[in-house]
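Visitor: Could you look at this predicted model? Sequence included:
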Amino acid sequence: MPIKVVLLDDESHVTELLTQYCNSIEAIELKACFSNPADALHYINTHDIDLLVSDINMPLISGLDVVKSLTKQIKVIFITAHSEYAVDAYEVDVVDYIVKPVLLPRFVKAIGKVQQALNAQTPTQNTVNQPRYIFVKDSGIKKRILLDDILYLHAQGDYTEIFLNSGKLFLLGNLSSFEQSLPSQEFIRIHRSIIVNIAKVDAIDKDHLMIGNIDLTIGKTYRSTIEAMF
């Protein structure tokens, strides 16, 4: 599942820029943008949100006060033009702190930290009751595949090839349809036609990712996200 994000900044040009960034990162689902902290606070407290990206220095209510007023625990990235707020920001346990202007590589790196933090959550926080397998249809028969047995998935037109520790399956269905069944904290798309099991990655560089002796190409549009995660 993608990271569900809310943006909060009283400067419209900042939220417009961050909206562009969020829309360029597949791991993110931008749910709402706000310039009013009170509206953002109400929305977060009444919706399923994973991450707040917020300015600190705003009129009436600061970003720090918004975070302190949340009724649920979510991840937070603070952005600000004032570096002197850094100490106060980390006192409320934010994932990252970005000084404006916010550049895309720096933002992607912060999102990578959020992904790692979500991955590290205990089962009672995030993964309780989640099945450790999925069912797929193979020649009219539904088969159970253990998540830990999956190495990677490769799109082949209207079909998807699933490579397993124990072999492989060639199944009808596009890659996106299988992606919806996989936990996003454990599987990541590295190319428009490839999704890998993060736990199976053995080595990585700018253009390639290795699973055992299998060399997989990283797509250009996915490089920044992959670099931030690993």
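Guide: It's in.
Visitor: For the nearest residue to Met1 once chain neighbours are set aside, give its distance to Glu29.
Guide: Residue nearest to Met1 in three dimensions, not counting chain neighbours: Ser184, with 4.8 Å by C-beta to C-beta, 6 or more residues apart in numbering. (Each C-beta comes from the backbone N, C-alpha and C, glycine too.) Ser184 sits 10 Å away from Glu29, going by C-beta to C-beta, to the nearest Å.
Visitor: who does the longest helix along the chain touch, helix- and strand-wise?
Guide: Counting by DSSP state H, the longest helix found in the chain is helix 104-119. Judged by 3 or more C-beta pairs under 8 Å, 6 or more residues apart in numbering; DSSP states H and E, the packing partners of helix 104-119 are strand 3-8, helix 12-23, strand 75-80, strand 96-99, helix 223-229.
Visitor: Pick out the shakiest of those, pLDDT-wise.
Guide: Out of those, helix 223-229 stands lowest, with a mean of 78 (criterion: mean pLDDT).
Visitor: Might you quantify the distance of that one from its chain's geometric centre?
Guide: A distance of 11 Å separates the centroid of the chain from that of helix 223-229, by C-alpha atoms, centre = their mean, to the nearest Å.
Visitor: shaky segments in this protein?
Guide: 83-92, 121-131 (pLDDT under 70).
Visitor: and it, what are its domains?
Guide: The record's domain split for the chain, according to automatic domain parsing, is 3-127, 133-229.
Visitor: out of those, deepest packed?
Guide: Looking across the domains of the chain with neighbours counted as mean count of other C-beta atoms under 10 Å, the highest average goes to domain 3-127: a mean of 17.
Visitor: need the contact list for the spatially most central residue of the chain.
Guide: For the chain, the residue nearest the mean C-alpha position is Ala27 (3.8 Å; C-alpha atoms, centre = their mean). Each residue near Ala27 by C-beta atoms under 8 Å, 6 or more residues apart in numbering is listed here: 2-3, 111, 115, 184, 188, 225.
Visitor: out of the residues you listed, which one sits closest to Val66?
Guide: Checking the contacts of Ala27 against Val66 by C-beta to C-beta gives Ile3 as the nearest, at 18.5 Å.
Visitor: and the closest one, what are its bridge partners?
Guide: Ile28 (DSSP bridges).
Visitor: now it: how far from Ile111?
Guide: Look at Ile3 and Ile111: by C-beta to C-beta, they are 7 Å apart.
Visitor: Next: Ile49.
Guide: Ile49 is 15 Å from Ile111, by C-beta to C-beta.
Visitor: returning to that earlier point: in terms of secondary structure, what does whatever helix or strand comes next after the longest helix of the chain contact?
Guide: Proceeding N to C from helix 104-119, the next assigned helix or strand is strand 133-138, under DSSP states H and E. In this structure, strand 133-138 makes packing contacts with strand 141-146, strand 167-172, judged by 3+ C-beta pairs under 8 Å, 6+ apart.
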